[in-house]
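Q: fold the following, please.
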Amino acid sequence: MSDCIFCKIINKEIPSQIVYEDDEIIAFKDVNPQSPVHILVIPKEHIESLNDINSNHSDLIGNIFITIKNIAEELGIDEEGYRVVNNCGEFGGQTVSHIHFHILGGRKFSWPPG
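A: Prediction:
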């Protein structure tokens, strides 16, 4: 998608602070962090939202969550805890139409958020 900001990051058209990359996934620091640790993890394949995944994406989604766990360990937030967030659709707070997962850590969260 030529106008997708995350696709531009994947294609290195927009600079980012990459913390992990392989053939399927890229993870980078959020430019507008909502916690001391705020990493975005995205597939390199353009998938608009969680509503657009299917059984063909099972391995990819599994790899994303293993990557999230590994990044949390590398950043030292796995022991105290962290939050993984996926926003889906406009009412769910999704602002970029490319599926992505937020890793949020480094502070205590409460539920509901407030």
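Q: distance of I99 relative to R107?
A: Using CB to CB, to the nearest Å, I99 is found at 25 Å from R107. (Glycine included, C-beta is placed from N, CA and C.)
Q: swap in E73?
A: 18 Å.
Q: quick check: which element contains I66?
A: Using DSSP states H and E, I66 maps to helix 58-74.
Q: ok, E73 and R107, which is more surrounded?
A: R107 (14 against 11; other CB atoms under 10 Å).
Q: who's in contact with that one?
A: 35-36 (CB atoms under 8 Å, 6 or more residues apart in numbering).
Q: wait, a helix at it?
A: No: the assignment for R107, made by DSSP: H, G, I helix; E, B strand; the rest coil, is coil rather than a helix.
Q: show the pLDDT at it.
A: For R107, the model assigns a pLDDT of 93.
Q: residue contacts, C4?
A: 46, 96-98.
Q: please tell me which one of the residues you listed counts the most neighbours.
A: H98 (21 neighbours).
Q: my guess is it meets H46, correct?
A: Yes: at 5.9 Å, H98 counts as touching H46 under the criterion of CB atoms under 8 Å.
Q: can you tell me the average pLDDT over the longest strand anywhere in the chain?
A: For the chain, the strand with the greatest residue count under DSSP state E is strand 37-43. Strand 37-43 shows a mean pLDDT of 98.
Q: packing partners of it?
A: helix 5-10, strand 25-29, helix 58-74, strand 101-105 (3 or more CB pairs under 8 Å, 6 or more residues apart in numbering; DSSP states H and E).
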